[in-house]
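Coordinates only, no sequence provided:
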């Protein structure tokens, strides 16, 4: 964000703004005072920027085309509408303010900022310096805007003919369906043209989005100021890379856990040498009307540490990750950085889970389901999960933001890492268990069969008997959790069971079993429903 102050419109990078910067440096406060008396307040280069990014992204749901555009396709100016996040931008800068009333302009602001969130404050004189008016000027220079401003004004249009160029000079009458000029030779219509020459830039058009404040200051001189605003089009998400190594048996192992943060910036602004903070958690925002689809204090001086990473702390009911070094986040860019130091040797357990019911039948019905064939279809896939504890004892103990988890395993034949699956996790506090689904087992299959069904409408009851078979085609034993959902009605009781089971909740029971190598294990049970 660049800032300059003036009584009248003036480009802070022009000769007069340069005189402020150079003259003040040479002559010090005396020249600054003279310039203030002349109605010009100078922008100083002493600035610091802080950026706090909030994400609305669902884990793993940011489309690749947003952060990895197709080469040669250019930049989509509406892409920021699809970026699921926003940021609070805070900038402090020392400026020279004239006593009384003056105008302050900020250029290079984020093109997609929300002007209703902008706040300007003098930290030097907060009680004596007030903002009377604020403008956000975004009428930017462009061909169409220039042509609209030059209606009834003279322009010169060049048209290529063969190897040469023909020029037409006249008054622009219309731009609808082409250019219509009134020239000394009559009315000329140009549907194609190679160039347009304008005399000057019309007043009111801006080369960059600009914030303008009408400020009244009780005292002149240097003021430390802070500008805060929110901008759309920027987000962050977490990615986790895990490497699995088998342990003492096929059902246990260890994980090496690495975490990275990706920041996507399409806000229309760049943030050089910024203090970066990331908020993890579901922060509520009031509903906003969107024209397109959307895919989640005072700054202090700090000593920069080139290698300092993110420091995590609780913040209200969320978690705040503060980067211990300055970083630059350019516009239209994706940046990756390490979230925390890799953790090695995290104990993990491989868990096989068989759910014989198809997904649509794993919950309560809205009424007793007395149809014999309801939910008798059998799923054969046995899912594979890795499960580990997020605690300090096992090498982690860091609140894990929601994100995508990719798991690899070393191929002992050549030492290469091979991808074995991925999943997403929600925000996970420390000391909680993380469970990652990697896919379906190849050599372990399941089969679920209804062996008996009876219904007694007079006594308002029914019973159903189920047989489940787990076949292990591996040359080593496997542990399998067989998960069942009594789904026909809310009131149910297990009346018979071949194996011990655990009632996990009001709609789930689990049978933990071990299946020997190249063997089959059968589980049977009967459930009775009443209503």
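Nice, I can see it. Note that the structure is predicted; figures quoted are calculated from it, not measured.

Go ahead and list the helix or strand containing residue 148.
Residue 148 is part of helix 143-149, with elements assigned from DSSP states H and E.

Which of the residues in that helix are classified as buried?
147, 149 (16 or more other Cβ atoms under 10 Å). For glycine as for every other residue, the C-beta is placed from the backbone atoms N, C-alpha and C.

I'd like the mean pLDDT over that helix, please.
In this model, helix 143-149 has an average pLDDT of 78.

following it, which helix or strand shows up next?
strand 154-161.

Just checking: what are the partner strands of that following strand?
Strand pairing for strand 154-161, using DSSP bridges, gives strand 164-174 (antiparallel), strand 195-197 (antiparallel).

Go through the ones you listed and find the least confident stretch.
Of all these, mean pLDDT reaches its minimum on strand 195-197 (a mean of 87).

Next, the contact list for the closest residue to residue 310 other than its chain neighbours, please.
Excluding the flanking residues, the one nearest residue 310 by Cβ to Cβ, 6 or more residues apart in numbering is residue 321, at 4.5 Å. By Cβ atoms under 8 Å, 6 or more residues apart in numbering, the contact list for residue 321 reads 261, 277, 278, 279, 280, 310, 311, 312, 339, 401.

so the last one makes contact with residue 320?
No: using Cβ atoms under 8 Å, residue 401 is not in contact with residue 320, being 10.9 Å away.

quick one, which of those two is more surrounded?
Between residue 401 and residue 320, counted using other Cβ atoms under 10 Å, the more crowded position is residue 401 (26 against 18).

ok, residue 411 - contacts?
Each residue near residue 411 by Cβ under 8 Å, 6+ apart is listed here: 417, 418.

For it, what are phi and psi?
Dihedral angles of residue 411 (phi, psi; degrees, to the nearest 10) stand at phi -80, psi 110.

Relative to residue 245, how far out is it?
As judged by Cβ to Cβ, to the nearest Å, residue 411 and residue 245 stand 12 Å apart.

For residue 346, see how far away residue 385 is.
When distance is defined by Cβ to Cβ, residue 385 is 15 Å away from residue 346.

How is the protein divided into domains?
Recorded structural domains for the chain (assignment: automatic domain parsing) are 2-140+206-232, 143-197, 349-387+433-530.

Low-confidence bits of the stretch 301-450 of the chain, can you list those?
301-308, 362-365 (pLDDT under 70).

list residues touching both of residue 401 and residue 320?
By Cβ under 8 Å, 6+ apart, residue 401 and residue 320 have these common neighbours: 278, 280.

contacting residues around residue 385?
For residue 385, the contact set (Cβ under 8 Å, 6+ apart) comprises 350, 351, 352, 353, 435, 436, 437, 438.

Which of these sits closest to residue 124?
Checking the contacts of residue 385 against residue 124 by Cβ to Cβ gives residue 436 as the nearest, at 52.8 Å.

Am I right that the closest one is in contact with residue 425?
Yes: in this structure, residue 436 is within contact of residue 425 by Cβ under 8 Å, at 7.2 Å.

Look at those two and report which has more neighbours.
Shown here are residue 436 and residue 425; by other Cβ under 10 Å, residue 436 has more neighbours (22 against 19).

Can you name the residues bridging to that one?
Bridge pairing for residue 436 - DSSP bridges - gives residue 386.

before we move on, what about the one 10 residues further on?
For residue 446, the beta-bridge partners are residue 470 (DSSP bridges).

Pull the number of nearby residues for it.
The burial count assigned to residue 446 is 23, neighbours taken as other Cβ under 10 Å.

ok, it - contacts?
354, 356, 378, 379, 380, 381, 382, 468, 469, 470, 471, 482.

neighbours around residue 359, how many?
8.

no no, residue 228
17.

List the contacts of it.
Taking Cβ under 8 Å, 6+ apart, one finds 88, 89, 90, 91, 117, 118, 119, 121 in contact with residue 228.

before we move on, back to that, in CSV, list the strands paired with strand 154-161 along with mean neighbour count.
Putting these into CSV (neighbours: other Cβ atoms under 10 Å) gives the following:
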stretch, mean neighbour count
strand 164-174, 14
strand 195-197, 13
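
could I get the ones you listed as a markdown table with distance to residue 56?
A markdown table is the format used below for those (distance: least, Cβ to Cβ, whole Å):
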| stretch | distance to residue 56 |
| --- | --- |
| strand 164-174 | 44 |
| strand 195-197 | 42 |
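
how about the ones you listed, which one is nearest residue 233?
Of the strands paired with strand 154-161, nearest to residue 233 by Cβ to Cβ is strand 195-197, at 31.1 Å.

thinking again about what came up before, quick check: the farthest pair among the contacts of residue 385?
The widest separation within those (Cβ to Cβ) is 13.5 Å, between 352 and 436.

Count the residues that sit near residue 249.
Using other Cβ under 10 Å, residue 249 is surrounded by 12 other residues.

Surely residue 469 is in contact with residue 521?
Yes: assessed by Cβ under 8 Å, residue 469 is found in contact with residue 521 at 7.2 Å.

residues in contact with residue 117?
Counting by Cβ under 8 Å, 6+ apart, residue 117 makes contact with 228, 229, 230.

how far away is it from residue 90?
Distance, residue 117 to residue 90, by Cβ to Cβ: 11 Å.

now swap in residue 121 and tell me
According to Cβ to Cβ, residue 121 and residue 90 sit 11 Å apart.

These two: who's more crowded?
residue 90 (21 against 18).

Tell me how far that one lies from residue 208.
20 Å.

so what does the helix holding residue 148 touch, helix or strand wise?
Packing contacts for helix 143-149, counted by 3 or more Cβ pairs under 8 Å, 6 or more residues apart in numbering; DSSP states H and E, involve strand 195-197.

quick one, strands of the stretch 401-531 of the chain?
Here the stretch 401-531 of the chain has its strands, by DSSP state E, counting those that start in this stretch, at 403-411, 416-425, 433-456, 461-472, 478-484, 492-497, 502-505, 508-515, 519-530.

Now distance to residue 249 too, for the ones you listed, in CSV please.
Formatted as CSV, these follow (distance: least, Cβ to Cβ, whole Å):
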stretch, distance to residue 249
strand 403-411, 16
strand 416-425, 18
strand 433-456, 15
strand 461-472, 14
strand 478-484, 9
strand 492-497, 27
strand 502-505, 22
strand 508-515, 11
strand 519-530, 17
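
Of those, which is nearest residue 328?
That would be strand 403-411 among the strands of the stretch 401-531 of the chain, by Cβ to Cβ, at 23.2 Å.

Now for residue 449: which residues touch it?
378, 466, 467, 468, 469.

from the residues you listed, which would you call buried?
466, 467, 468, 469.

Closest to residue 95 out of those residues?
residue 468 (74.5 Å).

From residue 343, how far off is residue 397?
Counting by Cβ to Cβ, the gap from residue 397 to residue 343 is 9 Å.

Likewise for residue 309?
Residue 309 is 14 Å from residue 343, where distance means Cβ to Cβ.

the more surrounded of the two?
In terms of neighbours (other Cβ under 10 Å), residue 343 is the more surrounded of residue 309 and residue 343; the figures are 19 against 16.
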